[in-house]
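**Q** Generate coordinates for the sequence data below:
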Amino acid sequence: MTHLARMILSLGAIAVLATGCGTTVAGTAVPDPNAPAVKLDTGGLSTKPRTPTAPGSQRKVLAANMVSERAVLLSDIAPTYVEGGAQTAVTARNFISLGTDDTDRLSKRGFVYGFSDRRSPVKNSNEGLAIYLIRMTDEAAAKGAVDDFRAEGGATEPFPERPEVSVRKTAPDDTFKFTRYTAYTAVGPLLIIVSPWATDENNARDLITKAIDAQKVKLTGFTSPGPSDIAGLPLDKDGVVSLTVTPEQIDGGTFNNFFGFFERPAALHWDDNPVAAAKIFGETGMDLVGLGRNTVYRTRDAAAAKRFVDLAESEWLGHLVSAQPFTIDGLPDAKCRTHKLWEGSDKQLVTCYLAVGRYVSAFTDSQAVRVRQVTSAAYLILKHAE
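**A** Prediction:
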């Protein structure tokens, strides 16, 4: 599910309480004991729509979100490649899977921000594919990064079918029983890095051209935000971010990888299984995601939001490890489970989905009380949008 692996991050909240609903008795307003605002425990979280902010490097994350909308879906290249996840980067070193020497060269050339997705077949890490879209300062920097990789990064593998692509081949060793290729090419100021791996090196090599060609098609007509554009990027779209529960303040020197908003194409990259998610998103008309302490999905209408939650219960919650029902007083329609992150994990989590109007709130945390409070606050916030 789109939010789960990301929402495990340690997030906090701010405190503002909303007033409850009321009934009139003998001309005096008194609280309605059956009103959700009275019964729900929000733990002091704000229950009103918020004004989004983007401190520190978060505007680079917004830019990376825009690029992710144009990133090729790896399961479209290899249908079994569904297990894995996405990442944004505000410095080259955030992409630790590229290696220190590679990221140092990118930094020197002018790395601005980036997005990556990495997928393998389920329970098979000996083959897979990773793709990186990296915004360099300008076109010259992107081309220079390709040249640097060829001259200094060991990219000496012959690739005559695409002379503009620099390719490095890494043979199997005692640790990794597969061949890995890493290929660089530039499209304007964007650097595309494709990295397939497999025990059959021919299969891995074939993915280089296939992935690069598919990615270039997705980038047709797209202009990525440059360094001078980042400060003016929008913090919200159609108010969907304002309908999320306020996240904890981001500490200096850090950034939140899961931030802002994105549309359906980007949401698929963040899902644990993009093929399954595409079916749910398509059936319910889910077209926009807001990211705060919780995740808010916008669907076609109220009926679609309820259908989304039903599908989330059957397709996602029903497949969680050691899943058990979990309830929230005052929110009988919330679909929640306690569960483990993976088989054999000692970490206990709680995940909840709740439909309010055309929106769905989703939240995961290790503390049950926090899940109750965030989901309750989300309900009250989303009621403002009805």
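
**Q** low pLDDT regions in the stretch 51-200 of the chain?
**A** The stretch 51-200 of the chain contains no residues with pLDDT under 70.

**Q** quick one, phi psi at Asp76?
**A** phi -80, psi -20 (degrees, to the nearest 10).

**Q** Surely it and Asp213 touch.
**A** No: in this structure, Asp76 is not within contact of Asp213 by CB atoms under 8 Å, at 11.9 Å. C-beta coordinates here come from the backbone N, C-alpha and C atoms, glycine included.

**Q** For those two, indicate the residue with more neighbours.
**A** Asp76 (15 against 12; other CB atoms under 10 Å).

**Q** okay, now the residue nearest to the more buried one when sequence neighbours are not counted: neighbour count?
**A** Using CB to CB, 6 or more residues apart in numbering and skipping residues adjacent in sequence, the residue nearest Asp76 is Ala214, 6.8 Å away. For Ala214, the neighbour count with other CB under 10 Å is 16.

**Q** Arg118 now?
**A** 18.

**Q** tell me the pLDDT at the residue most central in space within the chain?
**A** The centre of the chain sits closest to Trp270, judged by CA atoms, centre = their mean, with a distance of 3.5 Å. Looking at Trp270, its pLDDT reads 94.

**Q** can I assume it is in contact with Gly84?
**A** No: Trp270 lies out of contact with Gly84 (CB under 8 Å); the separation is 10.8 Å.

**Q** so Ser125 is in which element?
**A** For Ser125, there is no helix or strand it lies in under DSSP states H and E.

**Q** Provide the backbone phi and psi angles at it.
**A** According to degrees, to the nearest 10, Ser125 has phi -90, psi 0.

**Q** got the contact list for the helix or strand containing Arg372?
**A** Using DSSP H and E, Arg372 sits in helix 368-383. Here helix 368-383 makes contact (CB atoms under 8 Å, 6 or more residues apart in numbering) with 13, 18, 36-37, 40-43, 45-49, 243-245, 293-294, 296, 326, 328-331, 334, 336, 338, 350-352, 354, 356-357, 359, 361, 363-365.

**Q** In strands, which of the residues you listed appear?
**A** In strands, defined here by DSSP state E, the members of the contacts of helix 368-383 are 296, 326, 336, 338, 350-352, 354, 356, 359, 361, 363-365.

**Q** Next, format these as JSON lines and append pLDDT and neighbour count.
**A** Output for the ones in strands among the contacts of helix 368-383, formatted as JSON lines (pLDDT from 0 to 100; neighbours: other CB atoms under 10 Å):
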{"residue": "Val296", "pLDDT": "98", "neighbour count": "27"}
{"residue": "Phe326", "pLDDT": "94", "neighbour count": "18"}
{"residue": "Cys336", "pLDDT": "96", "neighbour count": "24"}
{"residue": "Thr338", "pLDDT": "92", "neighbour count": "16"}
{"residue": "Val350", "pLDDT": "95", "neighbour count": "22"}
{"residue": "Thr351", "pLDDT": "96", "neighbour count": "26"}
{"residue": "Cys352", "pLDDT": "97", "neighbour count": "28"}
{"residue": "Leu354", "pLDDT": "98", "neighbour count": "23"}
{"residue": "Val356", "pLDDT": "98", "neighbour count": "23"}
{"residue": "Tyr359", "pLDDT": "98", "neighbour count": "25"}
{"residue": "Ser361", "pLDDT": "98", "neighbour count": "30"}
{"residue": "Phe363", "pLDDT": "97", "neighbour count": "30"}
{"residue": "Thr364", "pLDDT": "96", "neighbour count": "24"}
{"residue": "Asp365", "pLDDT": "95", "neighbour count": "23"}
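
**Q** Distance to Leu62 for the residues you listed - can I get that in CSV?
**A** Putting these into CSV (distance: CB to CB, whole Å) gives the following:
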residue, distance to Leu62
Val296, 17
Phe326, 33
Cys336, 30
Thr338, 34
Val350, 29
Thr351, 26
Cys352, 27
Leu354, 26
Val356, 26
Tyr359, 21
Ser361, 21
Phe363, 22
Thr364, 23
Asp365, 24
